[in-house]
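**Q** structure for this input, please:
(one chain, ligands or ions: 2)
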Amino acid sequence: MRIIEDLHLHTRVSKDSVQDPEAYAIEAIKRNIKYLGFTDHLDLDPVDKDYGYYRYNDAAKDITMLRNKYGNKLNLLFGVEVTYQKELENSILNATLDKDYDFLMGSVHRLEGFTIAGASGLPFFKGKDEKTAYEMYFEEMKSLVNMNYFQVVGHFDVIKRYGVQFYGPFYAEHYKEIIFPILSEIVKNGMVLEVNSSGFRQLPGEPYPSKEILSYYVSVGGTEITVGSDAHSIKQFNFGLKEALYYALKVFDFEVVAFIKKKKIRLGKISSFTEEYSLNNNL
Ligand SMILES: [Zn+2]
Ligand SMILES: [Zn+2]
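**A** Ligands and ions are numbered 1, 2, ... in the order given. Okay, here's the model as predicted:
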(Lines give C-alpha, C1' and ligand atoms only; values in the text may rest on other atoms or scores of the structure.)
(Ligands and ions follow the chains in the order given, each with its own letter.)
Protein backbone atom coordinates (compact mmCIF):
# COMPACT_ATOMS: atom_id res chain seq x y z
CA MET A 1 0.00 0.00 0.00
CA ARG A 2 1.55 3.23 -1.10
CA ILE A 3 1.29 6.41 0.93
CA ILE A 4 0.68 9.33 -1.39
CA GLU A 5 0.07 12.06 1.13
CA ASP A 6 0.54 13.01 4.74
CA LEU A 7 -1.53 16.11 5.34
CA HIS A 8 -1.15 16.52 9.07
CA LEU A 9 2.31 17.63 10.14
CA HIS A 10 3.54 19.85 12.94
CA THR A 11 6.79 21.77 13.00
CA ARG A 12 8.58 24.21 15.30
CA VAL A 13 5.85 26.74 14.46
CA SER A 14 3.61 24.67 16.78
CA LYS A 15 4.13 25.06 20.52
CA ASP A 16 4.26 21.29 21.01
CA SER A 17 6.88 20.57 18.34
CA VAL A 18 10.51 21.52 17.71
CA GLN A 19 10.74 19.78 14.35
CA ASP A 20 12.52 21.47 11.45
CA PRO A 21 10.11 21.12 8.50
CA GLU A 22 12.81 20.31 5.98
CA ALA A 23 13.29 16.81 7.40
CA TYR A 24 9.70 15.93 6.40
CA ALA A 25 10.31 17.04 2.81
CA ILE A 26 13.56 15.06 2.54
CA GLU A 27 11.92 11.94 3.96
CA ALA A 28 8.86 12.31 1.74
CA ILE A 29 11.01 12.45 -1.38
CA LYS A 30 12.82 9.29 -0.28
CA ARG A 31 9.46 7.55 0.17
CA ASN A 32 7.91 8.90 -3.03
CA ILE A 33 5.14 10.72 -1.18
CA LYS A 34 3.76 13.44 -3.40
CA TYR A 35 1.72 15.65 -1.07
CA LEU A 36 2.76 17.01 2.29
CA GLY A 37 0.49 19.24 4.34
CA PHE A 38 1.92 21.42 7.08
CA THR A 39 -0.74 22.04 9.73
CA ASP A 40 0.74 23.91 12.64
CA HIS A 41 -1.50 24.78 15.57
CA LEU A 42 -3.37 28.05 15.52
CA ASP A 43 -4.75 28.62 19.01
CA LEU A 44 -6.85 31.73 19.46
CA ASP A 45 -8.23 31.45 22.97
CA PRO A 46 -6.56 34.21 25.05
CA VAL A 47 -6.69 32.04 28.18
CA ASP A 48 -5.03 29.07 26.44
CA LYS A 49 -1.39 28.64 27.41
CA ASP A 50 -0.58 28.13 23.73
CA TYR A 51 -2.25 31.38 22.70
CA GLY A 52 -0.06 33.66 20.61
CA TYR A 53 2.60 31.06 19.84
CA TYR A 54 1.74 30.55 16.17
CA ARG A 55 3.37 33.00 13.80
CA TYR A 56 1.94 33.09 10.33
CA ASN A 57 4.99 34.80 8.84
CA ASP A 58 7.36 32.11 10.11
CA ALA A 59 5.11 29.35 8.77
CA ALA A 60 4.80 31.10 5.39
CA LYS A 61 8.56 31.64 5.20
CA ASP A 62 9.23 27.94 5.83
CA ILE A 63 6.80 26.90 3.12
CA THR A 64 8.32 29.30 0.60
CA MET A 65 11.80 28.01 1.40
CA LEU A 66 10.67 24.37 1.02
CA ARG A 67 8.84 25.06 -2.23
CA ASN A 68 11.90 26.77 -3.70
CA LYS A 69 14.09 23.85 -2.74
CA TYR A 70 11.84 20.83 -3.27
CA GLY A 71 8.81 22.08 -5.19
CA ASN A 72 9.83 20.21 -8.33
CA LYS A 73 9.71 16.88 -6.48
CA LEU A 74 6.56 17.11 -4.37
CA ASN A 75 3.62 19.32 -3.50
CA LEU A 76 4.11 21.24 -0.28
CA LEU A 77 0.77 22.39 1.01
CA PHE A 78 0.37 25.26 3.39
CA GLY A 79 -2.29 24.25 5.87
CA VAL A 80 -3.09 25.17 9.43
CA GLU A 81 -4.81 23.28 12.22
CA VAL A 82 -7.25 25.69 13.79
CA THR A 83 -8.41 24.96 17.32
CA TYR A 84 -12.13 25.53 16.86
CA GLN A 85 -14.16 27.04 19.66
CA LYS A 86 -17.65 28.28 18.96
CA GLU A 87 -17.16 31.54 20.80
CA LEU A 88 -14.02 32.27 18.76
CA GLU A 89 -15.47 32.14 15.25
CA ASN A 90 -14.78 35.83 14.66
CA SER A 91 -11.17 35.50 15.78
CA ILE A 92 -10.79 32.47 13.51
CA LEU A 93 -12.06 34.45 10.54
CA ASN A 94 -9.84 37.42 11.37
CA ALA A 95 -6.75 35.24 11.69
CA THR A 96 -7.22 33.25 8.51
CA LEU A 97 -9.40 35.03 5.93
CA ASP A 98 -6.70 37.05 4.20
CA LYS A 99 -4.00 34.39 4.51
CA ASP A 100 -2.48 32.29 1.81
CA TYR A 101 -3.44 28.82 3.03
CA ASP A 102 -4.04 25.83 0.81
CA PHE A 103 -6.40 24.38 3.38
CA LEU A 104 -7.77 24.92 6.84
CA MET A 105 -8.19 21.97 9.17
CA GLY A 106 -10.69 22.48 11.94
CA SER A 107 -10.17 20.50 15.15
CA VAL A 108 -11.86 20.48 18.52
CA HIS A 109 -9.11 20.52 21.16
CA ARG A 110 -10.66 22.49 23.98
CA LEU A 111 -13.77 22.23 26.14
CA GLU A 112 -14.61 24.28 29.20
CA GLY A 113 -11.14 25.80 29.14
CA PHE A 114 -9.37 22.41 29.14
CA THR A 115 -7.19 21.14 26.31
CA ILE A 116 -8.94 17.77 26.14
CA ALA A 117 -6.71 16.55 23.29
CA GLY A 118 -3.69 16.80 25.59
CA ALA A 119 -2.70 15.38 28.97
CA SER A 120 -3.21 18.77 30.61
CA GLY A 121 -6.92 18.40 29.86
CA LEU A 122 -7.45 15.34 32.07
CA PRO A 123 -9.28 17.33 34.79
CA PHE A 124 -12.06 17.90 32.22
CA PHE A 125 -13.04 14.24 32.53
CA LYS A 126 -12.87 14.03 36.30
CA GLY A 127 -16.30 13.87 37.87
CA LYS A 128 -18.01 13.82 34.47
CA ASP A 129 -19.87 10.82 33.16
CA GLU A 130 -19.06 9.56 29.70
CA LYS A 131 -22.26 10.79 28.12
CA THR A 132 -21.82 14.34 29.38
CA ALA A 133 -18.19 14.55 28.26
CA TYR A 134 -18.67 13.01 24.83
CA GLU A 135 -21.87 14.87 24.03
CA MET A 136 -20.22 18.14 24.92
CA TYR A 137 -17.41 17.28 22.52
CA PHE A 138 -19.70 16.33 19.64
CA GLU A 139 -21.83 19.45 20.21
CA GLU A 140 -18.71 21.52 19.64
CA MET A 141 -17.88 19.42 16.58
CA LYS A 142 -21.38 20.13 15.29
CA SER A 143 -20.74 23.87 15.57
CA LEU A 144 -17.40 23.46 13.80
CA VAL A 145 -19.06 21.76 10.87
CA ASN A 146 -21.97 24.20 10.80
CA MET A 147 -19.52 27.06 10.46
CA ASN A 148 -18.84 25.60 7.02
CA TYR A 149 -15.46 27.23 6.81
CA PHE A 150 -12.83 24.49 7.02
CA GLN A 151 -11.82 22.16 4.23
CA VAL A 152 -10.81 19.28 6.50
CA VAL A 153 -12.24 18.05 9.79
CA GLY A 154 -9.35 16.86 11.97
CA HIS A 155 -9.35 13.72 14.14
CA PHE A 156 -13.14 13.52 14.41
CA ASP A 157 -13.35 11.53 17.66
CA VAL A 158 -10.17 12.66 19.43
CA ILE A 159 -12.19 12.95 22.64
CA LYS A 160 -11.55 9.21 22.99
CA ARG A 161 -7.79 9.84 23.22
CA TYR A 162 -8.07 10.39 26.97
CA GLY A 163 -11.72 9.42 27.27
CA VAL A 164 -10.80 5.71 27.04
CA GLN A 165 -8.71 6.11 30.17
CA PHE A 166 -11.79 7.13 32.13
CA TYR A 167 -14.62 5.28 30.42
CA GLY A 168 -13.05 2.33 28.59
CA PRO A 169 -13.45 1.63 24.86
CA PHE A 170 -15.30 4.21 22.81
CA TYR A 171 -18.56 3.04 21.25
CA ALA A 172 -19.69 5.46 18.56
CA GLU A 173 -23.13 3.89 18.40
CA HIS A 174 -23.97 5.50 21.75
CA TYR A 175 -23.64 8.87 20.04
CA LYS A 176 -25.14 7.98 16.69
CA GLU A 177 -27.95 10.56 16.90
CA ILE A 178 -25.53 13.41 17.21
CA ILE A 179 -22.78 12.04 14.94
CA PHE A 180 -24.93 11.28 11.89
CA PRO A 181 -26.14 14.85 11.26
CA ILE A 182 -22.58 16.15 11.69
CA LEU A 183 -21.28 13.75 9.06
CA SER A 184 -24.17 14.62 6.71
CA GLU A 185 -23.26 18.27 7.04
CA ILE A 186 -19.61 17.50 6.21
CA VAL A 187 -20.66 15.75 3.02
CA LYS A 188 -23.24 18.39 2.11
CA ASN A 189 -20.71 21.20 2.53
CA GLY A 190 -18.01 19.43 0.50
CA MET A 191 -15.76 19.20 3.52
CA VAL A 192 -13.54 16.16 4.03
CA LEU A 193 -13.05 13.84 6.98
CA GLU A 194 -9.47 13.19 7.99
CA VAL A 195 -8.24 9.68 8.73
CA ASN A 196 -5.65 10.37 11.40
CA SER A 197 -3.28 7.57 12.39
CA SER A 198 -1.98 9.10 15.61
CA GLY A 199 -4.49 7.03 17.60
CA PHE A 200 -2.26 4.03 16.91
CA ARG A 201 0.53 5.52 18.99
CA GLN A 202 -1.88 6.69 21.68
CA LEU A 203 -4.21 4.98 24.14
CA PRO A 204 -7.13 4.15 21.81
CA GLY A 205 -4.90 1.98 19.56
CA GLU A 206 -7.07 2.79 16.56
CA PRO A 207 -7.30 5.74 14.17
CA TYR A 208 -9.43 8.84 14.51
CA PRO A 209 -12.20 8.28 13.55
CA SER A 210 -13.16 4.73 14.44
CA LYS A 211 -14.54 2.30 11.86
CA GLU A 212 -18.09 2.79 13.12
CA ILE A 213 -17.86 6.49 12.34
CA LEU A 214 -16.32 5.75 8.95
CA SER A 215 -19.26 3.48 8.22
CA TYR A 216 -21.72 6.24 9.19
CA TYR A 217 -19.78 8.58 6.88
CA VAL A 218 -20.31 6.12 4.04
CA SER A 219 -24.00 5.81 4.77
CA VAL A 220 -24.48 9.57 4.42
CA GLY A 221 -22.58 9.55 1.12
CA GLY A 222 -19.05 10.27 2.31
CA THR A 223 -16.22 8.95 0.13
CA GLU A 224 -13.44 11.53 0.41
CA ILE A 225 -10.72 11.53 3.02
CA THR A 226 -7.39 13.11 3.72
CA VAL A 227 -4.81 11.07 5.57
CA GLY A 228 -2.40 12.33 8.18
CA SER A 229 -0.03 11.03 10.82
CA ASP A 230 -0.29 14.15 13.01
CA ALA A 231 3.47 13.91 13.37
CA HIS A 232 5.07 16.29 15.84
CA SER A 233 8.55 14.98 15.02
CA ILE A 234 10.19 13.21 12.11
CA LYS A 235 10.05 9.95 14.09
CA GLN A 236 6.26 10.10 13.94
CA PHE A 237 6.16 10.94 10.24
CA ASN A 238 3.79 8.50 8.48
CA PHE A 239 3.56 6.44 11.66
CA GLY A 240 0.60 4.08 11.39
CA LEU A 241 -0.59 5.53 8.09
CA LYS A 242 -0.56 2.27 6.19
CA GLU A 243 -2.40 0.55 9.01
CA ALA A 244 -4.92 3.39 9.07
CA LEU A 245 -5.53 3.00 5.35
CA TYR A 246 -6.07 -0.75 5.70
CA TYR A 247 -8.33 -0.08 8.67
CA ALA A 248 -10.45 2.34 6.61
CA LEU A 249 -10.50 -0.06 3.67
CA LYS A 250 -12.32 -2.60 5.78
CA VAL A 251 -15.18 -0.13 5.79
CA PHE A 252 -15.16 1.48 2.36
CA ASP A 253 -13.50 2.24 -0.94
CA PHE A 254 -12.38 5.80 -0.47
CA GLU A 255 -10.96 8.64 -2.44
CA VAL A 256 -7.85 10.41 -1.19
CA VAL A 257 -7.93 14.16 -1.74
CA ALA A 258 -5.73 17.17 -1.10
CA PHE A 259 -6.29 20.90 -1.39
CA ILE A 260 -4.38 23.51 -3.32
CA LYS A 261 -5.51 27.05 -2.61
CA LYS A 262 -8.71 25.60 -1.12
CA LYS A 263 -9.48 23.72 -4.31
CA LYS A 264 -10.05 20.01 -3.90
CA ILE A 265 -7.64 17.79 -5.82
CA ARG A 266 -8.65 14.17 -6.21
CA LEU A 267 -5.53 12.05 -6.00
CA GLY A 268 -6.95 8.60 -6.38
CA LYS A 269 -9.36 5.95 -5.25
CA ILE A 270 -8.39 2.97 -3.19
CA SER A 271 -10.37 -0.16 -3.73
CA SER A 272 -10.92 -2.62 -0.93
CA PHE A 273 -10.88 -5.35 -3.56
CA THR A 274 -7.34 -4.78 -4.79
CA GLU A 275 -6.18 -2.72 -1.82
CA GLU A 276 -4.49 -0.49 -4.36
CA TYR A 277 -5.09 2.91 -5.83
CA SER A 278 -6.33 3.96 -9.17
CA LEU A 279 -4.27 7.12 -9.25
CA ASN A 280 -5.01 10.40 -10.92
CA ASN A 281 -2.63 13.18 -11.94
CA ASN A 282 0.31 10.90 -12.84
CA LEU A 283 1.16 10.22 -9.26
ZN1 LIG B 1 -5.20 18.22 16.72
ZN1 LIG C 1 -2.38 18.06 14.90
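**Q** could you give the number of residues near Leu97?
**A** 9 (other Cβ atoms under 10 Å). Bear in mind the C-beta positions are built from the backbone N, C-alpha and C, glycine included.
**Q** one more: the one 3 residues further on?
**A** Taking other Cβ under 10 Å as the criterion, the count of residues near Asp100 is 10.
**Q** same deal with Glu173?
**A** Counted by other Cβ under 10 Å, the residues lying close to Glu173 total 10.
**Q** how much space between the residue of the stretch 151-283 of the chain found nearest ligand 2 and Met147?
**A** Distances between the stretch 151-283 of the chain and ligand 2 by Cβ to the ion are smallest at Asp230, namely 4.4 Å. According to Cβ to Cβ, to the nearest Å, Asp230 and Met147 sit 22 Å apart.
**Q** hang on, the earlier thing: pretty sure the residue of the stretch 151-283 of the chain closest to ligand 2 sits against Ala117.
**A** No: here Asp230 lies out of contact with Ala117, judged by Cβ atoms under 8 Å, at a distance of 10.0 Å.
**Q** shared neighbours, these two?
**A** Here Asp230 and Ala117 have His155 as joint contacts, going by Cβ atoms under 8 Å, 6 or more residues apart in numbering.
**Q** which bits of this protein sit near ligand 2?
**A** Listed as neighbours of ligand 2 in the chain under the rule Cβ under 5 Å from the ion: Glu81, Asp230.
**Q** helix, strand, or coil at the residue lying farthest from the centre of the chain?
**A** Distance from the centre of the chain peaks at Gly127, with 28.7 Å (Cα atoms, centre = their mean). Under DSSP: H, G, I helix; E, B strand; the rest coil, Gly127 falls in the coil class.
**Q** for burial, what's the neighbour tally of Lys30?
**A** For Lys30, the neighbour count with other Cβ under 10 Å is 8.
**Q** let me know the distance separating it from His109.
**A** Counting by Cβ to Cβ, the gap from Lys30 to His109 is 31 Å.
**Q** try Lys261
**A** Lys261 sits at a distance of 26 Å from His109 (criterion: Cβ to Cβ).
**Q** compare Asp230 and Met147 (neighbour count), which wins?
**A** The residue with more neighbours, out of Asp230 and Met147, is Asp230; 26 against 15, by other Cβ under 10 Å.
**Q** so that one versus Lys264, what's the distance?
**A** From Asp230 over to Lys264 the distance is 21 Å, taken as Cβ to Cβ.
**Q** pLDDT weak spots in the protein?
**A** 272-275, 281-282 (pLDDT under 70).
**Q** max-length helix in it?
**A** Longest helix of the chain, by residue count under DSSP state H: helix 130-147.
**Q** mind listing what's buried along it?
**A** Buried residues in helix 130-147, counted by 16 or more other Cβ atoms under 10 Å: 130, 133-138, 140-145.
**Q** for Tyr53, helix, strand, or coil?
**A** Tyr53 is classified as coil under three-state DSSP.
**Q** excluding chain neighbours, what is closest to it?
**A** Excluding its sequence neighbours, the residue lying closest to Tyr53 (Cβ to Cβ, 6 or more residues apart in numbering) is Lys15, at 4.2 Å.
**Q** surely the one you found touches Asp50?
**A** Yes: using Cβ under 8 Å, Lys15 is in contact with Asp50, at 4.5 Å.
**Q** thought Asn148 was touching Lys142?
**A** No: the criterion here is Cβ under 8 Å, and Asn148 misses it with Lys142 at 11.8 Å.
**Q** can you list residues touching both of those two?
**A** Common contacts of Asn148 and Lys142 (Cβ under 8 Å, 6+ apart): Glu185.
**Q** OK, contacts around Phe124?
**A** By Cβ under 8 Å, 6+ apart, the contact set of Phe124 is Leu111, Glu112, Phe114, Ile116, Ala133.
**Q** so which of these belong to helices?
**A** Mapping these onto helices (DSSP H) picks out Ala133.
**Q** just the buried ones from the contacts of Phe124?
**A** Taking 16+ other Cβ under 10 Å as the criterion, what is buried in the contacts of Phe124 is Leu111, Phe114, Ile116, Ala133.
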